[in-house]
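> build the 3D model from these lines:
(one chain, ligands or ions: 1)
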Amino acid sequence: MGNLKRYQMTIAGKKVDPASGEWFETENPYTGKAWAEIPRGNAEDIDRAVKAAKDALPGWRRTIATQRGHLMRKLGDLIAENADSLAATEVRDNGKLIAEMGLQLKYAPQWYYYFGGLADKIEGAVIPIDKPDTFNFTRKEPLGVIGMITPWNSPLMLTAWKLAPALAAGNTVVLKPSEFTSASALEFMDLVKQAGFPDGVVNIVTGYGKEAGEALISHPDVAKIAFTGGSATGKHVYSTAAQSFKKVSLELGGKSPNIVFDDCNVENAVKGVISGIFAATGQTCIAGSRLLVQKSIHNEFVDKLVALAKTAKMGDPMDPDTQVGPVTTPPQYEKILGYMDIAKGEGAEAVLGGGKATRPECGDGWFVEPTIFTGVNNQMRIAQEEVFGPVLSVIPFEDEEEALAIGNDVVYGLAAGVWTESIRRAFIMSQELQAGTVWVNTYRAVSYMSPFGGYKQSGLGRESGQAAIEEYLQTKSVWISMATEVPNPFVMR
Ligand code: NDP
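Numbers count the residues shown, from 1 in each chain. Here you go, the predicted model:
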């Protein structure tokens, strides 16, 4: 215990210990060993943080919007300056590749620049109202205190997606990161302070979902919950928030189809399918976990896929050459292995991997083998349920119609990939696929400029892009009468 780094939370601009006086250990997925201690915040801490955010709200929402944007751009600069060390913290905590986290942290400032730029472009409208002697206009106002709950796969990137539009819109914030990966967000709070944000505008409470998280989603003074995570927790967040009519945005799971037609550029499609499922060890909501491949090229395509996947270098995520790292959490590790057994039990054949990775370079970490199952049909659990690991299900199809039917036949609708050289097919598929994002001849591209979110049970609301700021605003209609006399008071105007 003694030599572990011990973190503190930030509430009202001050570094504080948790009310419980307790910390829990956070582990490095590559070594399986604890490396730091995270404050075990509880309902009392959430209450303090929400009060701080509520107290800071009048000052922050009245801050000149250009100044809010200026502070956000400063924060973006500070993240850029500290990107390497923040990325190293994330790799230590979530085991994702330094190659990936390094890029994410270098890219994350763009959300603060983009939404910082939008802060002073939030405009209402003058309505040419149908009443005489009356002036009617709208104001876009912040919602209030926003509770943000983030998962363990891309901690600071997913924080940026929520925090940047929320701050630009004039809201104040309480952030509850995942218990498994809280360290980078705790370090990030130092940059918020350094950038010069007023105390209480951004607060953080770490701790367990069932303690700190639960207290946040049920707090009466929280106006909205912005959540990214699993569908089961998302459902709970949604129903709890409904008790006090909080607004919600939910970014949940997926079972995204990556659809390969026989007219595609096969070499590119193979790479695209690999990046869709094995990047980030498959621990991404947009994982292309169902490969739908046209029957005419099925065997050739699977052979090429297996050949390339076999070359994936596993090992230390801090090594820039590593291509597949460990699984982030022990429960996730068990869940992935469980799904491999389920798939085998359902009759699928593992043509690659199919179990724990015991290669020497995997050490004591929580590694599973990149896995490809063939002989899958879309009704199997392995085709319907989110695994959140490097496990690909290959499902053959005959033609466009069948590809669409299978592609859309899941409760999710987060993303889809299409590989074809036909422009006609590209348009038809992108129009008919029920998914918030469709990639054609690419996969796993995201940007601060382009809206991201789910159809069906993959979530509610959109992050990134201009429309995302609306998720953190409400519209007020203001009526001003210029009439010199109020007519009959017993009728509606
Ligand atoms: P969760 O959905 O449980 O965790 C996401 C966030 O919700 C974490 O910050 C968690 O805190 C918090 N949380 C948990 N319970 C509550 C609660 N009762 N009230 C408020 N907040 C809560 O994800 P898991 O880590 O359990 O992963 C389960 C599955 O979810 C994965 O296997 C995967 O399928 C999916 N997932 C999807 C993600 C995505 O990007 N869409 C990201 C992560 C997971 P804490 O970590 O402290 O429990």
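
> next one: phi and psi at the closest residue to the ligand within the stretch 351-493 of the chain?
Residue of the stretch 351-493 of the chain nearest the ligand, by Cβ to the nearest ligand atom: Phe388 (3.6 Å). The way it works is simple: take the backbone N, C-alpha and C, and place the C-beta from them, glycine included. Phi and psi for Phe388, reported as degrees, to the nearest 10, are phi 60, psi 50.

> ditto for the one 4 residues further on
Reported as degrees, to the nearest 10, the phi and psi values for Leu392 are phi -110, psi 130.

> the helix ranked longest in the chain near the ligand anywhere?
Counting residues, the longest helix in the chain under DSSP state H turns out to be helix 43-62. No. Between helix 43-62 and the ligand, judged by Cβ under 6 Å from any ligand atom, nothing touches; the nearest distance is 10.3 Å.

> the ligand contacts on the stretch 1-150 of the chain?
149-150.

> and the strands in the stretch 1-150 of the chain?
For the stretch 1-150 of the chain, applying DSSP state E, counting those that start in this stretch gives strands covering 5-6, 9-11, 14-16, 23-28, 33-39, 126-127, 134-142, 145-149.

> strands paired with the fifth one, and their directions?
Which is strand 33-39. As defined by DSSP bridges, the strand partners of strand 33-39 come to strand 5-6 (parallel), strand 23-28 (antiparallel).

> pick the most buried one from those strands.
Most buried of these, by mean neighbour count (mean count of other Cβ atoms under 10 Å): strand 23-28, with a mean of 18.

> quick check: mean pLDDT of that one?
Mean pLDDT, strand 23-28: 97.

> just to revisit the earlier point, which residue packs closest to the residue of the stretch 351-493 of the chain closest to the ligand, ignoring adjacent ones?
By the measure of Cβ to Cβ, 6 or more residues apart in numbering, the closest residue to Phe388 outside its immediate chain neighbours is Gln283, 5.5 Å from it.

> contacting residues for the one you found?
Shown in contact with Gln283 (Cβ atoms under 8 Å, 6 or more residues apart in numbering): 96, 153, 327-328, 332, 388-389.

> one more: Ile38?
Taking Cβ under 8 Å, 6+ apart as the test, what Ile38 contacts is 7, 23-26, 179, 182-183, 186, 206-207.

> for Ala312, same thing?
Counted by Cβ under 8 Å, 6+ apart, Ala312 has contacts 274, 278, 323-324, 370.

> can you do 6 Å?
Counting by Cβ atoms under 6 Å, 6 or more residues apart in numbering, Ala312 makes contact with 323-324, 370.

> before we move on, what about Ala65?
Contacts of Ala65 (Cβ under 6 Å, 6+ apart): 119-120.

> could you look up the SS state of the spatially closest residue to Ala468 that is not a sequence neighbour?
Residue nearest to Ala468 in three dimensions, not counting chain neighbours: Pro165, with 4.7 Å by Cβ to Cβ, 6+ apart. Look at Pro165: counting by DSSP: H, G, I helix; E, B strand; the rest coil, its state is helix.

> check Pro165 and give its pLDDT.
In this prediction Pro165 is given a pLDDT of 98.

> got the contact list for it?
Shown in contact with Pro165 (Cβ under 6 Å, 6+ apart): 115, 468-469, 472.

> same thing but 7 Å
115, 468-469, 471-472 (Cβ atoms under 7 Å, 6 or more residues apart in numbering).

> against the ligand, how distant is it?
In this view, Pro165 and the ligand are 18 Å apart by Cβ to the nearest ligand atom, to the nearest Å.

> how about Thr233?
Distance, Thr233 to the ligand, by Cβ to the nearest ligand atom: 3 Å.

> just checking, Pro257 touches Leu414?
No. Pro257 is beyond contact range of Leu414, at 10.6 Å (criterion: Cβ atoms under 7 Å).

> compare these two (neighbour count), which wins?
A count of neighbours by other Cβ atoms under 10 Å puts Pro257 above the other of Pro257 and Leu414, at 32 against 27.

> between the contacts of Pro165, which is nearest Val173?
Nearest to Val173 out of the contacts of Pro165 is Tyr472 (Cβ to Cβ; 9.9 Å).

> ok, now which ones touch Arg92?
Applying Cβ under 7 Å, 6+ apart, the residues near Arg92 are 28, 35.

> how much space separates it from Met380?
From Arg92 across to Met380, the span is 37 Å (Cβ to Cβ, to the nearest Å).

> same check on His219?
41 Å.

> between those two, which one's more packed in?
Under the neighbour definition other Cβ under 10 Å, His219 and Met380 were set side by side, and His219 has more, 22 against 19.
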